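**Student:** Sequence and predicted model, in that order:
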Number of protein chains: 2
Amino acid sequence: MTQQTRLVEVRQKVLKQNDVTARALRTRFHNAGVFVVSLVSSPGSGKTTFLERTLTLLAKQYRVAALVGDLATDNDAQRLARSGAPVRQIVTGTVCHLEAEMVLKALEGWKLEELDFLFIENVGNLVCPATYDLGEDMRLVLFSVTEGEDKPLKYPPIFNTADVAVITKMDLAAATEFDNAAARKSIESVRPGMEIIEVSARTGAGMSEWMELLAARRGSGRRVAPVANLA
Amino acid sequence: MTQQTRLVEVRQKVLKQNDVTARALRTRFHNAGVFVVSLVSSPGSGKTTFLERTLTLLAKQYRVAALVGDLATDNDAQRLARSGAPVRQIVTGTVCHLEAEMVLKALEGWKLEELDFLFIENVGNLVCPATYDLGEDMRLVLFSVTEGEDKPLKYPPIFNTADVAVITKMDLAAATEFDNAAARKSIESVRPGMEIIEVSARTGAGMSEWMELLAARRGSGRRVAPVANLA
């Protein structure tokens, strides 16, 4: 199909441009000493609740901020702002993912060197965000116990491009008859050795393990020599 | 951004081609006397469980079949086949939605005039499927009580292109402190007057109301004079 072939070609050029911007962002983040974590998941997996809790806990020790993407509304930015952290909403219109250029624009006026952690919550989508690098140090893919244990098998690219899998809403595991072993087997078969954490943002279960992981990754991230500035 | 403009242009041509194929499909469906229902939702909203139950109930009175789309695996086709209905999996690879052309190919060899209902379960995605007509008579958008009451506000295009909203996993409403009034208000503000049904495929609640709605829509659909064959 000729139109499809052209679509693929044009998409590849857009992706190439995205990679250039993402690389420049990554260099800026490294030079500023800010550790950047992005979050991807289906709509309704609990990204915002998890992130709100994360920001609130981290803010006791660190300087934190967040960007959040949605097709419409600034509901999530308002929710996250309750943590006290600076938050900006990126409204994507009909675009099903964030792009590096959107992140770049949203950061305007922020002094990155005054931050320890920056979080980027992507649009709720288990497909489109997979191929867009945002310059982040670590990408989380979240999925809730209510979604079914085979999500990793059905959406392999997003699990392949993420660093850590977060199983959310663990407080509903019993009510949904969640099969933990099956979920872990799904993740393992798509991305062997992937780090997995289990949380309930509602009860707070697993959050201290998550805080430790973040601190450790940020520490090891800082030990890496910054790459040359390509911006 | 020039690449973005080109991307939009090429996308529009692909959509135009999709509309031509979808229109031909719709004519075929009408002429064959089969009522076609598509289902869209986030990953993990319970489309497959809801559809499995629907097929099982309908099969007592009607001739039913289903197509199901996923990036990878034929897990859903296997689950749906337990209903006894003919089912085919459409594997989309990295494509985040079904297109009319994929439906056309998947139907090869099936005698549509021997069916009363055909269901098409889209890839789990609240963004991409919105703009692709599949020739269906009715489109359902599903969202579960675990996903948050503001999903319609955050993903307006998919609600705008659907005919009926189905709130799923009602058996978890109490455990998730689901705010029914807020959810209905969200739907109403995006798509005033949209029909809403509440179900629990697990307990069976709401399924008889759903069966009545299907029968009524199919009945009224059949009363419409078939449009000229454009295929």
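**Tutor:** Good, I have the coordinates. Since the model is a prediction, treat every value here as computed from it, not as a measurement.
**Student:** What count of nearby residues applies to A:Cys128?
**Tutor:** The tally of other residues near A:Cys128 (other C-beta atoms under 10 Å in any protein chain shown) stands at 21. Placement of C-beta: from N, CA and C, glycine included.
**Student:** wouldn't it be in contact with B:Thr94 here?
**Tutor:** No - using C-beta atoms under 8 Å, A:Cys128 is not in contact with B:Thr94, being 9.6 Å away.
**Student:** so who does A:Asp150 touch?
**Tutor:** By C-beta atoms under 8 Å, 6 or more residues apart in numbering or on different chains, the contact set of A:Asp150 is A:Ala182, A:Ser186, B:Thr73, B:Asn75.
**Student:** 10 Å - rerun?
**Tutor:** Applying C-beta atoms under 10 Å, 6 or more residues apart in numbering or on different chains to A:Asp150 gives the contacts A:Asp179, A:Ala182, A:Ala183, A:Lys185, A:Ser186, B:Pro43, B:Gly44, B:Asp70, B:Thr73, B:Asn75, B:Asp76, B:Arg79.
**Student:** now those residues as CSV including neighbour count, pLDDT and distance to A:Ala215?
**Tutor:** Formatted as CSV, the contacts of A:Asp150 follow (neighbours: other C-beta atoms under 10 Å in any protein chain shown; pLDDT from 0 to 100; distance: C-beta to C-beta, whole Å):
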residue, neighbour count, pLDDT, distance to A:Ala215
A:Asp179, 15, 98, 31
A:Ala182, 11, 98, 31
A:Ala183, 23, 98, 26
A:Lys185, 15, 97, 29
A:Ser186, 23, 97, 28
B:Pro43, 28, 95, 31
B:Gly44, 27, 94, 30
B:Asp70, 25, 96, 37
B:Thr73, 16, 95, 37
B:Asn75, 16, 95, 38
B:Asp76, 24, 96, 40
B:Arg79, 16, 96, 41
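**Student:** For the nearest residue to A:Lys169 once chain neighbours are set aside, the count of nearby residues, please.
**Tutor:** Excluding the flanking residues, the one nearest A:Lys169 by C-beta to C-beta, 6 or more residues apart in numbering or on different chains is A:Ser144, at 4.2 Å. Applying other C-beta under 10 Å, we find 28 residues neighbouring A:Ser144.
**Student:** didn't A:Ser144 look like it was pressed against A:Leu172?
**Tutor:** Yes - between A:Ser144 and A:Leu172 a contact is recorded at 7.5 Å, counting by C-beta atoms under 10 Å.
**Student:** Overlap of the contact sets of those two?
**Tutor:** A:Gly46, A:Phe178, A:Ser200, B:Thr146.
**Student:** Any idea how many residues pack against the spatially closest residue to the second one that is not a sequence neighbour?
**Tutor:** Just to be clear, that refers to A:Phe178. Spatial nearest neighbour of A:Phe178, excluding adjacent residues (C-beta to C-beta, 6+ apart): A:Val145 at 3.9 Å. Counted with other C-beta under 10 Å, the neighbours of A:Val145 add up to 27.
**Student:** residues in contact with A:Val145?
**Tutor:** Residues in contact with A:Val145 (C-beta under 10 Å, 6+ apart) are A:45-46, A:167-180, A:183, A:198, A:200, B:44, B:146.
**Student:** can we see that at 6 Å?
**Tutor:** By C-beta atoms under 6 Å, 6 or more residues apart in numbering or on different chains, the residues touching A:Val145 are A:Lys169, A:Leu172, A:Ala173, A:Thr176, A:Phe178.
**Student:** Quick check: phi and psi at it.
**Tutor:** Backbone torsions of A:Val145, given as degrees, to the nearest 10, read phi -60, psi -20.
**Student:** Confirm A:Glu101 sits in a strand?
**Tutor:** No - if the criterion is DSSP: H, G, I helix; E, B strand; the rest coil, then A:Glu101 is helix and not within a strand.
**Student:** Please identify which helix or strand holds the residue nearest to it when sequence neighbours are not counted.
**Tutor:** Of all residues not flanking A:Glu101 in the chain, A:Thr21 sits nearest, at 5.4 Å (C-beta to C-beta, 6+ apart). Following DSSP states H and E, one finds A:Thr21 within helix A:2-32.
**Student:** Which positions in chain A make contact with chain B?
**Tutor:** The interface of chain A toward chain B, taken as C-beta under 6 Å from any C-beta of the partner chain, is made up of A:3, A:6-7, A:10, A:13-14, A:17, A:42-44, A:70-73, A:75, A:96, A:125-128, A:146-148, A:150-151, A:153-156, A:175.
**Student:** Among the contacts of A:Val145, which one lies nearest to A:Gly135?
**Tutor:** Taking C-beta to C-beta as the measure, A:Gly135 sits nearest to A:Lys169 out of those, at 29.0 Å.
**Student:** State the phi and psi torsions of that closest one.
**Tutor:** When read as degrees, to the nearest 10, the backbone of A:Lys169 gives phi 60, psi 40.
**Student:** need the contact list for it.
**Tutor:** Per C-beta under 6 Å, 6+ apart, neighbours of A:Lys169: A:Gly46, A:Ser144, A:Val145.
**Student:** Just put these in TSV and tack on pLDDT.
**Tutor:** What follows is the contacts of A:Lys169, written out as TSV (pLDDT from 0 to 100):
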residue	pLDDT
A:Gly46	95
A:Ser144	97
A:Val145	97
